Each structure stands twice: as C-alpha cells, then as structure tokens.
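In: okay, predicted coordinates and the sequence, questions at the end:
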Amino acid sequence: MDTITFTSKPNVLGNILVRVLSFAILVFLARFAYFLTVRTNSCPSSDLNFFSSVHQNHAVPTTTTAAALDGGDAATSGAHLRNYYSSVFQDLIAEGYLSPDSKALCIGTLAGNDVAALIEIGVSYSVGISENPSPPLVLYGRPVKQPFENNTFDFEFSGISGLDRSTEPAKFASEASRTLKPAGFFVVHTAAKDAYSLESLLSLFDSCTLIRSREIDGIREIVLQKVNREQHLSGISVNKCSVPGYKHELFRNAEPLITEEPLKPWITFKRNLRNIRYLPDMVDISFRNGYVYVDVGARNYGSSIGGWFENQYPKQNKAFDVYAIEADKAFHEEYI
Ligand SMILES: *[C@@H]1O[C@H](CO)[C@@H](O)[C@H](O)[C@H]1NC(C)=O
C-alpha cells in the first residue's frame, strides 16, 4: 500500500529530488567521459602515457621482475631475474659487446642480480653501484657521482631501475660516459619506446654513438659505444639542416591549426580543447635536461598555472620549473 500511495501521489519534492540526483549523475558521467576523451587520443603511444606512472611502475620486462621490485618472494624472483639477465648478457657476448675479460659495471642495480648474472656467465670482473649497497657485489655509489676513475670500464649496464628512474638523467649519462673506456659499450634498458625518447636519450650521451636499439620483452635495449670526440664530431655534418621523420609524425598527430577565428567560440571551445594533443600524451618525455612551463601573460595564479597546468597537464611525474610573466602589477602578489 505504501508504495502505491507514494507513486500515485504527485510527490513534487520527490520528483525534484530524483531529477536533481539524475542530473548530478549525468554531469558526473559527462565529466568522466570528457576526461577520458581528453586524456586518450588516436595516437598509439597514448595508452602508455594515460597512466602517467606507467613509466615508473610497469617498466619491468617480466612479472617476475615486478615481484622482485615489490619485495615479493625474494629468493625465487631473484633467481628469475638472474636467469633473465644471464640471457640478456649472453646475447651481448654473442654480439661482441661484452666478453669474459670485460671490466663490467651495473649502475643503479637493485639487488645485484645483474652483477651476479655477469659473474655466473664468466665476466668475473663485475661490480655494481647503488645507494643501498650489498657488498661484495654491490658497492655504495650514486649513479650521478660514480666512485671510479675516468676510463675504468669496458662495459656498463643500466637496467630498468637505473637511467629510467633517474631524476638527473643528464648527470647520470655524463658520469657513465666518463668512467667508460674509449670504445667501451654502454647498454641501457628503458620502458620508453618512441622515437622522441630515443633521440632525447642519445642527446644526453654526446661522447657516444648508437650501435643498435631493439625491443625485448616489452622494453627497449639500447647499445651505445664511446667514441673519441674528434671522430664523433667529424661524423656530424655542420651544414645539414633537416627535420627528422619522428618530428614530422608528431606534427601530423598534433591538433589541426585553427585558421579562422571562430564566430561562436563558446560553442567550438570544448571541441577544440578536446582536440589538443600534448607532447607528453604522445611520447615519453624522460631523458631531458629539465622541464619548464612558462605562462606568458599569466594574469592570476588560478587562470592557468593553478587552474590548469598543475591539475591537467600530463607531466609524467616530472618536476617542472614554472615561470609566470605578467606586466600588470596587480597580479604580482599572487605569485609571491
Ligand atoms: C675525467 O673526465 C672529466 C670529464 O670527462 C674531466 O673533466 C676530468 O678532467 C677528467 N679527470 C682526469 C683526472 O683526467
């Protein structure tokens, strides 16, 4: 009886409540859908960047590695990792980048499984450095300030917990180049697989040349060789001025240029906003010297920096230096 009286009565208040509630749900769903459309796009690499921490957390070749990183069953995952590294290093021996006589260094190793694998396969002069040392295989050392002399190693390796996680990739790279012997090899594993991030990484190693890059188990393996400077510079043509193909592709994937000022901007605004493709939505922005956001004509803090950049811009967990340029002194106090 109760329900019948309830529904048959023109319950004005109930009706309004239901409407308000469904409207709120609709708005919530619309916002969510909008968020999804903005954050994902037709670019194939977008799924990598959608979860901006992918690079940090999923950057592991196998699930066993993930278990090791998470401190799972240490003994079994350690054995798995050693097997994994053994096969990686044996391939490198077969290709001539590593030999049993090599002096080898693993930079930023986690538990020394890479060092143990090197020793196991006969590269007996192998050592690792980490900020959490476990002697005798892993000594204390920061990747950005290696405790070794110039030109010490024939072979250096940075696994997924090395350069990929470094907050100072440029220093990391210059230290690796410094302690590597001329003609020595540096091998990097990285989760970043687009052409832009490869170019960024190569630009950090100005005394090295790219030997090869390939994909194994969902990560990219890059082999670099240290060359002497004159040799390296002679290979660079001074007068060459061209735009590499991967940059053309980035431009093709960017939003189209709006050639005419919209007559009804409030109608097209949302669509245009949805079309915007940010660089970090398309590529991995690791391996840069730094990250800067400049707001020209900043107005108040909330208009762009606080209202949009801090919350919306896909920063891939990088620390950005933020600058605001505003002529109107009335706004200056907001930035102090
Ligand atoms: C070691 O290398 C760095 C740069 O690669 C250089 O500045 C420094 O002078 C070198 N040190 C010695 C002792 O040669």
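Out: Yes, it's here. Residues are numbered from 1 along each chain as shown.

In: all helices of the protein, in order?
Out: Counting by DSSP state H, the chain has these helices, from start to end: 2-8, 12-39, 46-50, 54-57, 63-69, 74-94, 113-120, 169-179, 195-204, 229-234, 245-253, 265-275, 279-282, 310-312.

In: ok, now how distant is residue 146 from residue 158?
Out: 12 Å (CB to CB, to the nearest Å). No exception for glycine: its C-beta is placed from N, CA and C like everyone else's.

In: same thing with residue 100?
Out: Residue 100 sits 21 Å away from residue 158, going by CB to CB.

In: just want to know which of those two has more residues nearby.
Out: Between residue 100 and residue 158, counted using other CB atoms under 10 Å, the more crowded position is residue 158 (26 against 12).

In: now do that one, the pLDDT please.
Out: At residue 158, the predicted lDDT confidence score is 97.

In: tell me who's in contact with it.
Out: For residue 158, the contacting residues are 106-108, 143, 164, 172, 176, 186-189, by CB atoms under 8 Å, 6 or more residues apart in numbering.

In: picking that back up, joint contacts of residue 146 and residue 158?
Out: By the contact definition CB under 8 Å, 6+ apart, residue 146 and residue 158 are jointly contacted by 107, 176.

In: what comes into contact with stretch 211-231?
Out: Residues lying outside stretch 211-231 but in contact with it, judged by CB under 8 Å, 6+ apart, are 59-62, 84, 88, 92, 97, 160, 177, 180-193, 198, 201-202, 205, 207-210.

In: in strands, which of those residues fall?
Out: 180-190, 208-210 (DSSP state E).

In: let's see the ChimeraX selection covering just the buried ones among the residues you listed.
Out: Buried residues within the ones in strands among the contacts of stretch 211-231, as defined by 16 or more other CB atoms under 10 Å, are selected in ChimeraX through the command that follows:
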select :180,181,184,185,186,187,188,189,190,208
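
In: against residue 161, how distant is residue 210?
Out: Looking at residue 210 against residue 161, where the rule is CB to CB, the gap reads 22 Å.

In: so what are the domain limits for the chain?
Out: With domains defined by automatic domain parsing, the chain comprises 2-33, 55-234, 247-335.

In: out of these, which is the most enclosed?
Out: Highest mean neighbour count among these (mean count of other CB atoms under 10 Å): domain 55-234, with a mean of 18.

In: any idea of the pLDDT on the nearest residue to residue 247 once chain neighbours are set aside?
Out: Spatially, and ignoring its direct neighbours in sequence, residue 247 is nearest to residue 196 (7.9 Å; CB to CB, 6 or more residues apart in numbering). In this prediction, residue 196 carries a pLDDT score of 93.

In: the one 4 residues further on now?
Out: In this model, residue 200 is scored at 93, pLDDT.

In: quick check: nearest residue in space to it, chain neighbours excluded?
Out: Of all residues apart from its sequence neighbours, residue 287 sits closest to residue 200 (CB to CB, 6+ apart), at 4.0 Å.

In: how far away is that neighbour from residue 133?
Out: Using CB to CB, we find residue 287 at a distance of 26 Å from residue 133.

In: cool, and residue 303?
Out: If you go by CB to CB, the gap between residue 303 and residue 133 works out to 49 Å.

In: now the stretch 151-300 of the chain, which segments are flagged as low pLDDT?
Out: Judged by pLDDT under 70, the stretch 151-300 of the chain has its weakly predicted residues at 229-240.

In: residue 279 contacts residue 285, doesn't it?
Out: Yes - between residue 279 and residue 285 there is a contact at 6.7 Å, judged by CB atoms under 8 Å.

In: overlap in contacts, the two.
Out: If you check residue 279 and residue 285 against CB under 8 Å, 6+ apart, the residues they both contact are residue 196.

In: and the ones in strands among the contacts of stretch 211-231 as TSV, adding distance to residue 252?
Out: Listed next are the ones in strands among the contacts of stretch 211-231 as TSV, based on distance: CB to CB, whole Å:
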residue	distance to residue 252
180	37
181	42
182	40
183	39
184	38
185	35
186	33
187	32
188	28
189	29
190	25
208	30
209	29
210	24
